[in-house]
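A.B. asks: Quick one, what's the 3D model for this:
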Amino acid sequence: MAQLSESEIQSRLHNRTEMYLKLSKLRYDASYWNKCTVLPTGILSKESIAAISDCGFIKRAENILITGATGCGKSYLACAIGRQACAFGLQNHLFSMSKFLEKITLCKLEGTLP
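C.D. replies: Next comes the predicted model:
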């Protein structure tokens, strides 16, 4: 009976994670651990990535803005962080800067910005 209960719990957690991954619409199937081993030069140190790996910034309602030169791995890193958040059972959204500013402007016009 205990194994059956544990199996059901694991199945529900897996289904929730898969649902969050679909809703977040991440562009890349990026893995957090792959990102830790292959870091582009100058974007983040291993210590910085370790500091955000627990996704505590989401629980504290903080945002992450990733900047850098073209092709340095910003989108891949964002997708890796998003996948990590989904694995922790947290919903997330990935926006390009233009979509982010568009969303903020729209919320201001509608009066729904907190």
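A.B. asks: How many neighbouring residues does Gly89 have?
C.D. replies: Gly89 has 11 neighbouring residues, counting by other C-beta atoms under 10 Å. For every residue, glycine as well, the C-beta is placed using N, CA and C.
A.B. asks: and what of the one 10 residues further on?
C.D. replies: Applying other C-beta under 10 Å, we find 11 other residues in the vicinity of Lys99.
A.B. asks: Over to it: give its phi and psi.
C.D. replies: phi -70, psi -40 (degrees, to the nearest 10).
A.B. asks: So which residues of the protein form helices?
C.D. replies: 2-24, 32-37, 46-52, 56-59, 74-87, 97-110 (DSSP state H).
A.B. asks: what residue ranges in this protein are flagged as low confidence?
C.D. replies: Low-confidence segments of the chain, defined by pLDDT under 70: 31-45, 114.
A.B. asks: Find the centremost residue of it, please.
C.D. replies: In the chain, the centroid-proximal residue (C-alpha atoms, centre = their mean) is Gly82; its distance is 1.5 Å.
A.B. asks: hang on, that residue packs against Leu94?
C.D. replies: Yes: at 5.6 Å, Gly82 counts as touching Leu94 under the criterion of C-beta atoms under 8 Å.
A.B. asks: Sweet, I'm off.
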